[in-house]
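> predicted model and sequence below, questions to follow.
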Amino acid sequence: MAAIVLLLGHFAANLDLTGAQSVGVCYGMLGNNLPSASEVIELYKSQNIRRMRLYDPNQAALQALRGSNIEVMLGVPNSDLQSLANPSNAQSWVQRNVQSYWPSVRFRYIAVGNEVSPVNGGTAWFAQFVLPALVNVFNAVRSAGLQDQIKVSIAIDMTLIGNSFPPSAGAFRGDVRSYLDPIIGHLAWARTPLLANIYTYFSYADNPRDISLPYAIFTSPSPVVWDQGRGYQNLFDAMLDSLYSALENAGQGSLEVVVSESGWPSAGGFATSVDNAGTYLSNLIRHVQGGTPKRPGRAIETYLFAMFDENQKEPELEKHFGLFSPNKQAKYPLTFGGGRIWDVSAEYNATISLKSDM
């Protein structure tokens, strides 16, 4: 038990010393064996995890968050988008789920929909409602006088990118531009970041012939890709910079990006293991403190997916993204490269001076 406590302490130190301000964790609830919301909030606090992504306005979670000082990205579920395309419904939603808890719950973002795409059969129907719901929720937040504290955005996935290589040539798919352009135009006007779910795991698993595992999990010893004089030592930077390029090519180069999900499964599929997942997560936590080759020198606000393994998700690998098991034990008490994964003294100090990792 003492070893577990020690490891949890290392985890807290890693989130703290490497810049807790830019790293949060997503709190998914698709499991029938998860701790109560109040226990989960206590776990966040004990681990010094200061930001949370919540996928819907779960009232037990919001109550437990009161006074916690945890900053929250609150999700509007896709199933609510049609309703919120009506301005009065959006006003009521913000009143009920945001104003009722503010300021004892520190809302940072509202994510209006998650991974909606006009060309994805599973979410295409929702696409028509995203912009009106986004604008209506924004207006409701503004009418409450909270527009400077709470930013209203959407969360996309990388399937909206049509070309991602090389990163400088990143571009959105032509058939999503009519959907996306008005949305990113609104975000630029509102000076609000775009939220993006970025998984090197899926890119690697889809194309292991051309993408190496070290490139995908931040362990490549030197740049793998050179693009306009910029060296890319990891796939995460290449994917994020391709998104920045796509935004530039769409006329919105001023937009910032918040990485609203990133993670690696520990079981259930190709290249899934506790070693790979722990390596990816620990390296990601450290790496995002320093920016990308295209936008260096500033931290990338990032939310790790996810807090727990969730046994009601499908397919199988989706059950295994947790940093913790449902019994609240850390999943990564392993060693990698001679030091504990969560041991900041070995991992952080050894790499903080590497220019390529900054």
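Ah, there it is. Residues are numbered from 1 along each chain as shown.
> where in the chain is pLDDT low?
Scanning the chain for pLDDT under 70 picks out the ranges 1-21, 333-358.
> strands of that one, residue ranges please.
For the chain, the strands identified by DSSP state E occupy 23-27, 51-54, 71-76, 106-114, 151-157, 161-163, 171-172, 194-197, 225-227, 230-232, 257-262, 302-304, 335-336, 339-340, in order along the chain.
> let's have the ones you listed in CSV, adding mean neighbour count and distance to residue 185.
The way it works is simple: take the backbone N, C-alpha and C, and place the C-beta from them, glycine included. As requested, the strands of the chain are arranged in CSV below (neighbours: other Cβ atoms under 10 Å; distance: least, Cβ to Cβ, whole Å):
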stretch, mean neighbour count, distance to residue 185
strand 23-27, 26, 27
strand 51-54, 24, 25
strand 71-76, 24, 20
strand 106-114, 24, 15
strand 151-157, 25, 13
strand 161-163, 16, 18
strand 171-172, 20, 13
strand 194-197, 23, 11
strand 225-227, 16, 27
strand 230-232, 18, 28
strand 257-262, 24, 16
strand 302-304, 25, 25
strand 335-336, 16, 43
strand 339-340, 19, 46
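> make a markdown table out of those and add distance to residue 65.
Output for those, formatted as a markdown table (distance: least, Cβ to Cβ, whole Å):
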| stretch | distance to residue 65 |
| --- | --- |
| strand 23-27 | 10 |
| strand 51-54 | 8 |
| strand 71-76 | 6 |
| strand 106-114 | 8 |
| strand 151-157 | 18 |
| strand 161-163 | 33 |
| strand 171-172 | 35 |
| strand 194-197 | 19 |
| strand 225-227 | 41 |
| strand 230-232 | 38 |
| strand 257-262 | 18 |
| strand 302-304 | 15 |
| strand 335-336 | 33 |
| strand 339-340 | 30 |
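> number of nearby residues for the residue nearest to residue 240 when sequence neighbours are not counted?
Of all residues not flanking residue 240 in the chain, residue 292 sits nearest, at 5.3 Å (Cβ to Cβ, 6 or more residues apart in numbering). When neighbours are defined as other Cβ atoms under 10 Å, residue 292 has 24 of them.
> so residue 292 versus residue 64, what's the distance?
Distance, residue 292 to residue 64, by Cβ to Cβ, to the nearest Å: 35 Å.
> quick one: the residue nearest to residue 240 and residue 237 touch, right?
Yes. Counting by Cβ atoms under 8 Å, residue 292 does reach residue 237; the two are 4.4 Å apart.
> which ones are touching residue 262?
Contact analysis of residue 262 by Cβ atoms under 8 Å, 6 or more residues apart in numbering lists 197-200, 236, 284, 302-305.
> just those now: which is nearest residue 136?
Checking the contacts of residue 262 against residue 136 by Cβ to Cβ gives residue 197 as the nearest, at 23.2 Å.
> give the contact list for the closest one.
Under the criterion of Cβ under 8 Å, 6+ apart, the contact partners of residue 197 comprise 114-115, 155-158, 259-262, 305.
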